[in-house]
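# Just need the structure, nothing else, for what follows:
(chains A and B)
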Amino acid sequence: MAEHHWGWLVAIYLFLGGMGAGAFLMAAVVELTGMRYRHKYCPTALVGAGVSGPLILIGTLLLILDLGAGLREPWRILLMFTNFQSVMTWGIWILTLFLPIAFVYGILEVMHVYPGILAWVRKRVRFLPETLPYRSIKRVLAVVGGVLAIGTAIYTGVLLSVVSAVPLWHTPVLPALFLVSAVSTGMGLTFDLAATLAVPEIHRHYRHMPVIHMIFIGLEIGLLALLLVTALMQGGVAAESAKLILIGKSSVVFWVLVMGFGMFYPFMVHVYAFARKAHGYRSGVLSGAGIVIAGLFVRYLIVAAAIPVAL
Amino acid sequence: MKLTRQDGELESSPPFSPHRQADGISRRALFKVGVGGALLVAIGGKWMPFSQALEEVKADYALIIDLNKCTGCGACAQACNQRNELPEGKSFIRRLRKEEEDHEHCWCLPVQCQHCQDAPCARVCPAGATYRHPSGVVLVNEKACVGCKYCAVACPYDARIYDEHKGVVDKCWLCLDWVLGGGQPACVQACVTGARIFGRRDDPEIAEILASGRAQPLHPEFGTRPGVVSYIFRGS
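Below is the predicted model of the structure:
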């Protein structure tokens, strides 16, 4: 597929930003609803909080690699905070605020699960308290970070959707799709993958999770269809872009990897899990992997299918 | 002091008098003036009667390309590449091959930066490196460009090129140093058939073409309001 000006690095950055935000949202939801405390050990909270900061940091580093001045004159990056007309500037502000919160939240969650860490630190730094009010600190951070996480996920879509020169992107469907996909990949990572690996009988514990997940996968399929069908109806280069994805060179990736392995299969696994109150170990891991891979390729296909308006 | 595209000094030069640059206005002073000026404009735009005049920053220059005369020889692009020392295979001027309705003949549509009045590239640039010079020409401050390529993605005329060696996104700057000194852009000088007509808007020859309505912007439906470049389309 012909890459216009942006390619893999930007797609991976959008994906990691979305998945990091989604993972944080999952941790925040299980924290705020108290689901985290229903059992002794909550892998969703631990993994969600633990990986969101690093994921977004990796994405940001990739973006810096993609910048012409990224390694040459990195101080120029500071200028990117200055033009408030630019969606990229908003995004950089959101990321700058979200990243430290995600990291602090992750460290707090890890310390909460493993109290030995604080005890170890206290041996060296005497004035620290014996324990921290984890729940109340995390509650505040979960709310503030949750808002910023939603902002991060939406921004990755708005970044593309404001570009009127690329008709495929120029639709409010895109931010909605990226937000839903961010939540879905976050769930796939922290719930399907991490939780299944840690607690194989996980769906017996959270009965309504498969339904919520089905709703998000369904929404993702619906929004993706809406994006592509409106592009086809619009005609011109928008339709050409949609055709690149649907019947072009990458159509195998789209139909097999994204629609098949990343959407249809996980959807069916969750239908089964809902009906039987459980799903298999392998199917849980595979559906999680599928959702995550689909999240990446959806973004790459959309970024790479950018055809600018015809002159 | 010599005016160059690279040093970003154009930003600080007062319009039409490049030689006054030698006064050496410091960047800090410029920043103060800029911030103060922006505040004044912001306040003035809201309260003062001259706000309408401020909104319509008219371009002082016009580049009219007569497509009836253009043969598509590429002399303009070649002169431009040489003048701006562009890397191999990159050009500020793209020549689009357009087919005639009989599918046997074709004609050429040369496209470069249109110097839009509502330039999307300037709006999306996070670093504010792309800006409009008071003359209406859209410029890139290469010292501020971070090379994120958002401008290249946002330009509907696809007039941006990414220079891997410098790590910045570049584009036509209308050879503004020559123009401010009373000269003409390299592409206009090189045009063999005289298809490129360039001058100040109040120049009688230019004013006459503009008043006649023969010169029209390319794809006005993009909504970016091309400020400098316009075309005399085939058959008109």
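
# my read: B:Ala152 touches B:Val168, true?
No - the criterion here is C-beta atoms under 8 Å, and B:Ala152 misses it with B:Val168 at 10.8 Å. (Glycine included, C-beta is placed from N, CA and C.)

# which residues are common contacts for those two?
By C-beta atoms under 8 Å, 6 or more residues apart in numbering or on different chains, B:Ala152 and B:Val168 have these common neighbours: B:Tyr162.

# pull the helix or strand with minimum mean pLDDT from the chain.
Just so you know, I chose chain A. helix A:196-198 (a mean of 82; mean pLDDT, DSSP states H and E).

# Chain B, not that one
helix B:51-55 (a mean of 40).

# Show the contacting residues for A:Val162.
A:Val87, A:His170, B:Val124, B:Ala154.

# any weak-confidence spans in chain B?
Low-confidence segments of chain B, defined by pLDDT under 70: B:1-59.

# Relative to chain A, which residue of it is the closest?
B:Gly147 (1.9 Å; C-beta to the nearest C-beta).

# before we move on, what SS does the residue nearest to that residue when sequence neighbours are not counted have?
Ranked by C-beta to C-beta, 6 or more residues apart in numbering or on different chains and with sequence neighbours excluded, the top spatial neighbour of B:Gly147 is A:Gly68, at 1.9 Å. Here A:Gly68 is recorded as coil under DSSP: H, G, I helix; E, B strand; the rest coil.

# can you list the residues of the stretch 51-200 of chain A near chain B?
Taking C-beta under 8 Å from any C-beta of the partner chain, the part of the stretch 51-200 of chain A that reaches chain B is made up of A:63, A:66-70, A:72-73, A:76-77, A:79-83, A:85-89, A:92, A:159, A:162-166.

# change it to 6 Å
A:67-69, A:72, A:76, A:79-80, A:82-83, A:85-86, A:88-89, A:163, A:165 (C-beta under 6 Å from any C-beta of the partner chain).

# And the furthest pair within those residues?
Farthest pair in these (C-beta to C-beta) is A:Arg72 and A:Ala165. Separation: 27.0 Å.

# Which of the two has more residues huddled nearby?
It is A:Ala165, of A:Arg72 and A:Ala165, that has more neighbours when counted by other C-beta atoms under 10 Å in any protein chain shown, with 24 against 13.

# tell me which residues of stretch A:7-21 are tucked away?
A:7, A:9-21 (16 or more other C-beta atoms under 10 Å in any protein chain shown).

# Just the ones in helices from those, please.
A:9-21 (DSSP state H).

# I'd like to know which of the residues of the stretch 51-200 of chain A next to chain B are buried.
A:Leu67, A:Gly68, A:Ala69, A:Arg76, A:Leu79, A:Met80, A:Asn83, A:Ser86, A:Met88, A:Thr89, A:Val163, A:Ala165.

# would the last one count as being in a helix?
No - according to three-state DSSP, A:Ala165 belongs to no helix; its state is coil.

# got a pLDDT number for it?
A:Ala165 is assigned 93 on the pLDDT scale.

# roughly how far apart are the closest residue to A:Leu57 other than its chain neighbours and chain B?
In space, and not counting its chain neighbours, A:Leu57 is closest to A:Leu99: 6.5 Å by C-beta to C-beta, 6+ apart. Distance of A:Leu99 to chain B, computed by C-beta to the nearest C-beta, to the nearest Å: 17 Å.

# Flag every buried residue along the helix or strand where A:Leu99 lies.
Assigning secondary structure by DSSP states H and E places A:Leu99 in helix A:87-113. If you call a residue buried by 16+ other C-beta under 10 Å, then helix A:87-113 has these buried ones: A:87-95, A:97-99, A:101-106, A:108-109, A:111-113.

# what is the rounded mean pLDDT of that helix?
95.

# what does stretch A:14-23 give?
For stretch A:14-23, the per-residue pLDDT averages 96.

# OK, contacts around the residue of chain A found nearest chain B?
Here chain A gets closest to chain B at one residue, A:Gly68, 1.9 Å apart by C-beta to the nearest C-beta. Taking C-beta atoms under 6 Å, 6 or more residues apart in numbering or on different chains, we find A:Gly68 in contact with B:Gly147, B:Gly167, B:Val168.

# Against B:Cys187, how distant is the last one?
In this structure, B:Val168 and B:Cys187 are 21 Å apart, going by C-beta to C-beta, to the nearest Å.

# again, but for A:Val303
33 Å.

# try B:Ala129
Distance from B:Ala129 to B:Cys187, by C-beta to C-beta: 23 Å.

# Of those two, which one has the most company?
A direct count of neighbours by other C-beta under 10 Å for B:Ala129 and B:Cys187 places B:Ala129 higher, at 29 against 25.

# Mind putting the contacts of A:Val162 into JSON lines with secondary structure and distance to A:Leu32?
Shown next, in JSON lines, are those (DSSP: H, G, I helix; E, B strand; the rest coil; distance: C-beta to C-beta, whole Å):
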{"residue": "A:Val87", "secondary structure": "helix", "distance to A:Leu32": "29"}
{"residue": "A:His170", "secondary structure": "coil", "distance to A:Leu32": "35"}
{"residue": "B:Val124", "secondary structure": "helix", "distance to A:Leu32": "36"}
{"residue": "B:Ala154", "secondary structure": "helix", "distance to A:Leu32": "38"}
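
# For chain A, list the residue farthest from the centre, please.
Farthest-out residue of chain A from its mean C-alpha position, per C-alpha atoms, centre = their mean: A:Arg126, at 39.0 Å.

# so where does it fall, helix or strand?
Judged by DSSP H and E, A:Arg126 forms part of no helix or strand.

# do the one 3 residues further on as well
A:Pro129 is located outside every helix and strand, with elements delineated by DSSP H and E.

# From A:Ala119, how far off is it?
11 Å.

# Looking at the two, which has the bigger crowd around it?
A:Ala119 (13 against 8).

# I'd like to know the phi and psi angles of that one, please.
phi -60, psi -40 (degrees, to the nearest 10).

# what's the answer for B:Ile232, then?
The phi/psi pair for B:Ile232 (degrees, to the nearest 10) is phi -100, psi 110.

# Hmm, B:Asp66 and it touching each other?
Yes - using C-beta atoms under 6 Å, B:Ile232 is in contact with B:Asp66, at 4.3 Å.

# Please enumerate the shared neighbours of these two.
Counting by C-beta under 6 Å, 6+ apart, nothing touches both B:Ile232 and B:Asp66.

# Show me where chain B has its strands.
B:61-66, B:94-99, B:106-111, B:130-132, B:138-140, B:161-163, B:168-170, B:196-200, B:215-216, B:229-232 (DSSP state E).

# Those strands: which one's closest to A:Met268?
strand B:161-163 (43.8 Å).

# Adjacent strands (with direction) for the closest one?
strand B:168-170 (antiparallel) (DSSP bridges).

# List the buried residues for stretch A:154-166?
Neighbour-count burial for stretch A:154-166 flags A:Ile154, A:Tyr155, A:Thr156, A:Gly157, A:Val158, A:Leu159, A:Leu160, A:Ser161, A:Val162, A:Val163, A:Ala165, A:Val166 (criterion: 16+ other C-beta under 10 Å).

# Between which two of these is the distance greatest?
That would be A:Ile154 and A:Ala165, which, of the buried residues of stretch A:154-166, are the farthest apart (C-beta to C-beta) at 20.9 Å.

# Next, A:Val166: phi, psi?
According to degrees, to the nearest 10, A:Val166 has phi -120, psi 100.

# Against B:Pro217, how distant is it?
For A:Val166, the distance to B:Pro217 - C-beta to C-beta - is 21 Å.

# OK, contacts around the residue nearest the centre of chain B?
What sits nearest the mean C-alpha location of chain B, by C-alpha atoms, centre = their mean, is B:His115, with 3.7 Å. For B:His115, the contact set (C-beta under 6 Å, 6+ apart) comprises B:Val137, B:Val138, B:Gly227, B:Val228.
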